[in-house]
Structures are given as structure tokens and as C-alpha cells.
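*Asks:* coordinates only, sequence not included:
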């Protein structure tokens, strides 16, 4: 996180605050370890000087307050500056303590712990536009919480079949609509998205809308369902569209049209002829996220070899960029990359077989107002800014 | 109309996979696959052994077993810090028949 910067300034970013959100836990009853690994972080809208965020591991969601302290009171009557108490008999005059500036201190404190509501692994959290409630989703269920209440949540979606042998799909992501506080969507491992209205019933097992692109049955293969699994779903800021990410593409859906997406962008179509190896090394199950820019005109998602892709919805142009220190000097404009699918490789192109599948960019984020993006590689966080004219 | 002889790249990959693992189940989206997915990442540990290992570390002063005793149970039980970062596989061993 960067301290407040003026817009148009081009500074470098430093770590603002580091804190341990979750610790490993043990479920003694089931003899299972619960990993401390954070699955999702979501910021709350800012209401005062402090920032609030929700972070979740597989089982427990926590609300964190992050506040700054840049001044401290000095001139107490009964205490020395180092905190030791003064002998009251030596106090002969009274003074009013005053605030003096100090080095910035950032404090993170846990404010709420929302636990014990999920049998399966939490994959999503989403804050409602009412700023009072939020949802959490695991593989089979979605729960609704109130930010103030930690000992209770309401189950709003349950797709667990009575007989687990009949299980055919799981929930992969869920999100509240940015403007309608009664509407949310959830995506599945079969490539469908369901839109639900909480006003319709307490348990939203019956969707209000079902978004699904028809598949050509003659093209169906062993991999079809796996690559159609949606790894992320994100509403546009406007609330009119939603974007889904499956293994090979990004799709934009108009909420008014359920039978097919309005736009489809190929992220790395050249991987279609590598599915066998990608299944063997489990890469086919990688969960890529996607994001919108502030004006909903550009969408971005990650790929392999530390590449990430941007698609301009208006110009229909796309670009591949690389997040790597070796190949990009600081403060230089990023050079577009190109992957050569087959045939003769041109200079500066990279062949599919040279791609490093361990260098995956699963998480990217776009600043809501500026053209500043954050891109996460395995061990590093990159922050890129629009070039200054 | 002539039959389309060109196999889609996806179908070609499927053929490759089936050639390598002939026993692979027909429908990857079936319940076995999904149930494995639900268990993905779960690491099992034995709370009894874990607590015994913890207790043993605390009680180092107590007389230990005879030095020439090679087989000691509970000594190599993984503690939470040692639990290996196992990359989970979503299906049973692809070599399994």
C-alpha cells in the first residue's frame, strides 16, 4: 500500500504495512490442518481515516482495521516522556498535553472474526453495496453475514446434493452486484453463472437468471468441462456487465442476455494444443483472476511465463506484457510480448514450448480511478503506471 | 459433403491423454473428480502423535529409552511446522489401474 499520493505523481512504492492475518489451525475432530494461506482480500469502502479489509483463509474470515498514527501526545503531568510515572510531590505546575508529530506508524488490528460457518474451502468473499453485509462462498454453499455480527450467518445458497454421489458441479466464485444490494452471482465448475435475488426467497437455490454459452456437442472432449470451469467472476463498475474467466478465455456478459456472452477474448488459445501436458502437471486447474479498469473499457488477466494480458473493449486491441525484473528496466515502457503458437518463430517471439508454466500470474488488480495496476508473480508484486506524456 | 478429417486440437490432446492413461475415467466432471476437489489441500495430522511429540520436546530431562534402541515411535511425527507442502492431486494416481 502506498501513502496518499497526489495524482499524476510518479513515485516508487514501498511496503506500507505487514501483518499476520491468519495462523495455521488444527481441526482436531477431523484431524485436519487448516492452512493460514489467504484466499481472498476485499477492501471495505472507506468511511473514516482508517481502512478496513476482510481477509479469509479456507475457513475463517477476519475484519482488519488499518490505521495510521503520525502524532502522539506529549507533556503529560503525571508521566515522563518515556512512560515512567513521576513522583506526584514533584509536580508543582500543570500543563496541557499537546500533540506533536512522530514517525508514521501503521497499526493493523483484528476487529471481527467470522468463524465456523463453512464446511468446505472458502473461495470468495464479497461486500454488499449496503456496506452492512457481505457474502462468503465455499465449494457448495454461500453464507450471508452482517459485518457487526460474528456468531451467526445465514445460508443463502446450498447446492450440496443429498447424496454426494450425485455431485456434478461446485461453486467457484461469487460476487454481490455493485449497486443492487439484493443481487449476487455465483459461478460454477461447469462454466455457468447464476444470478440470484435475495428478495425472492430466503434460500436462493433457484436462480433468477442462468448464464451459459451453448456448447457444440461435436467439439466436446475430456477437457471441455475442466477448461470451462470459471475461476473468477467480476461485475463491471457500472453493474451492467459481468466478466468471467475460464481457463483459456475471458468473457463479458450483458446481464440482460443469458444465452451467450457479448464479448469473448482469448487469453492464450495456443494452450489448447497443450492440454494433455497441462492436465498432467495440474496447470489446467490454475485459477486465474480478472479485473476491469475504472471506466470498464479495458479488462486484464494473467497468464504463464509472467505474462499478463489486457483487452481494450472499444478498440478491440489487446496486448501482452511481462512482469519481470530481468526483462524490464525500471522506469522504461514495457515492451509488448508475443507468443509464437507454431511455425517459424519471429525474432523477439517466444515459442509455446519455452513458456515457463511455474511463472503464473493469477492475481491482478486495477486502481479504481487511475491507470495504475498491481500484478502478482509467485514471489513479487509489481506496480505499473501509465506512461507520463 | 466430405467428412471433416481435421481433428480439433482439443480432441487430439484427448487422444494423447487416453493413449497414455487408458484407464482414465470417462467423465472428468463426475462425482469422484469433484469430491477429490472438495478435499483438495487437506493435510491430515494425528493430534495424538503431535501432542506426544510436543510433550517429548518439553520433557527432555526425563530418562530416555536405551541409546541402542533404534526404533522410536513418535519421534518422526511431523509437527505443524514440518508438515510438507504437498501439492495435492485432484484425481487418484494416473497410473492406478
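*Replies:* Right, received. Where do you want to start? As the structure is a prediction and not an experimental result, all values here were calculated from the model. Residues are numbered from 1 along each chain as shown, chains lettered A, B, ... in the order given.
*Asks:* Residue A:297 against residue A:311, yeah?
*Replies:* No: in this structure residue A:297 lies outside contact range of residue A:311 using Cβ atoms under 8 Å: 9.9 Å. In short, each C-beta sits where N, CA and C put it, glycine included.
*Asks:* Looking at those two, which one has more neighbours?
*Replies:* Of the pair residue A:297 and residue A:311, residue A:311 is the one with more neighbours under other Cβ atoms under 10 Å in any protein chain shown, namely 23 against 13.
*Asks:* Can you name the element that comes right after the helix or strand of chain B with the lowest mean pLDDT?
*Replies:* Across the helices and strands of chain B, mean pLDDT, DSSP states H and E gives its lowest value to strand B:43-44, namely a mean of 64. Counting by DSSP states H and E, the next helix or strand C-terminal to strand B:43-44 is helix B:47-58.
*Asks:* which SS class is the closest residue in space to residue A:204 that isn't next to it in sequence?
*Replies:* Nearest residue to residue A:204 in three dimensions, chain neighbours excluded: residue A:196, at 3.8 Å (Cβ to Cβ, 6 or more residues apart in numbering or on different chains). The three-state label given to residue A:196 by DSSP: H, G, I helix; E, B strand; the rest coil is strand.
*Asks:* Give me the distance between residue A:196 and residue A:189.
*Replies:* As judged by Cβ to Cβ, to the nearest Å, residue A:196 and residue A:189 stand 18 Å apart.
*Asks:* Ok, residue A:311 next?
*Replies:* Taking Cβ to Cβ, one finds residue A:311 at 24 Å from residue A:189.
*Asks:* Look at residue B:36 and report its pLDDT.
*Replies:* Predicted confidence (pLDDT) at residue B:36: the value is 70.
*Asks:* mind checking the SS state of it?
*Replies:* Under three-state DSSP, the three-state class of residue B:36 is helix.
*Asks:* give me the number of residues near it?
*Replies:* The number of residues packed around residue B:36, counting by other Cβ under 10 Å, is 14.
*Asks:* nearest residue to residue A:179 other than its sequence neighbours?
*Replies:* Leaving aside its chain neighbours, residue A:179 sits nearest to residue A:239 (4.5 Å; criterion: Cβ to Cβ, 6+ apart).
*Asks:* so where is the chain shaky, pLDDT-wise?
*Replies:* Using chain A here. Per-residue confidence for chain A (pLDDT under 70) gives these ranges: A:1-10, A:388-389.
*Asks:* wrong one, I was asking about chain B
*Replies:* Within chain B, the ranges that satisfy pLDDT under 70 run B:1-6, B:25-33, B:40-47, B:50, B:58-97.
*Asks:* State which strand of chain A is the longest.
*Replies:* With secondary structure taken from DSSP state E, chain A has its longest strand at strand A:98-114.
*Asks:* Return the set of buried residues in that strand.
*Replies:* Neighbour-count burial for strand A:98-114, counted by 16 or more other Cβ atoms under 10 Å in any protein chain shown, picks out A:106, A:108, A:112, A:114.
*Asks:* Which strands and helices lie in contact with it?
*Replies:* Contacts defined by 3 or more Cβ pairs under 8 Å, 6 or more residues apart in numbering or on different chains; DSSP states H and E place strand A:98-114 against strand A:61-74, strand A:149-158.
*Asks:* would you turn the ones you listed into TSV with distance to residue A:230 and mean neighbour count?
*Replies:* Output for these, formatted as TSV (distance: least, Cβ to Cβ, whole Å; neighbours: other Cβ atoms under 10 Å in any protein chain shown):
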stretch	distance to residue A:230	mean neighbour count
strand A:61-74	22	16
strand A:149-158	15	15
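*Asks:* Take those and write them to TSV, including distance to residue A:365.
*Replies:* Putting the helices and strands packed on strand A:98-114 into TSV (distance: least, Cβ to Cβ, whole Å) gives the following:
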stretch	distance to residue A:365
strand A:61-74	17
strand A:149-158	26
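*Asks:* looking at those strands, which is closest to chain B?
*Replies:* Among those, strand A:149-158 comes nearest to chain B, with 14.3 Å by Cβ to the nearest Cβ.
*Asks:* Please see if the closest one touches chain B.
*Replies:* No: judged by Cβ under 8 Å from any Cβ of the partner chain, strand A:149-158 makes no contact with chain B; its nearest approach is 14.3 Å.
*Asks:* Could you tell me how far that strand lies from the centre of the chain?
*Replies:* For strand A:149-158, the separation from the chain centroid amounts to 22 Å (computed by Cα atoms, centre = their mean, to the nearest Å).
*Asks:* For that strand, which outside residues touch it?
*Replies:* Residues from elsewhere that reach strand A:149-158, judged by Cβ atoms under 8 Å, 6 or more residues apart in numbering or on different chains: A:112-115, A:117, A:135-137, A:140-146, A:171, A:174, A:186, A:196, A:198, A:202-205.
*Asks:* repeat for stretch A:188-207
*Replies:* Contacting residues not belonging to stretch A:188-207 are listed as A:142, A:144, A:154-159, A:168-172, A:182-187, A:208-213, A:225, A:228-230, A:233, A:242, A:244, A:246, A:253, A:255, B:29, B:34, B:37 [Cβ under 8 Å, 6+ apart].
*Asks:* Which of those are buried, as a ChimeraX select command?
*Replies:* Filtering those down to the buried ones (16+ other Cβ under 10 Å) takes a single ChimeraX command:
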select /A:142,144,156,157,159,168,169,170,171,172,182,183,184,185,186,187,209,211,212,213,225,228,229,230,233,242,244,246,253,255 /B:29,34,37
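*Asks:* picking up where we left off before, out of the contacts of strand A:149-158, which sit inside strands?
*Replies:* Within those, residues falling in strands by DSSP E are A:112-114, A:135-137, A:141-146, A:171, A:174, A:186, A:196.
*Asks:* which pair in those residues spans the largest distance?
*Replies:* Greatest spatial distance in the ones in strands among the contacts of strand A:149-158: A:113 and A:196, 26.9 Å, computed using Cβ to Cβ.
*Asks:* how about the helices in the stretch 251-389 of chain A?
*Replies:* Taking DSSP state H, counting those that start in this stretch to define them, one finds helices in the stretch 251-389 of chain A at A:275-280.
*Asks:* which phi and psi does residue A:225 have?
*Replies:* phi -70, psi -40 (degrees, to the nearest 10).
*Asks:* distance of it from residue A:301?
*Replies:* Taking Cβ to Cβ, one finds residue A:225 at 21 Å from residue A:301.
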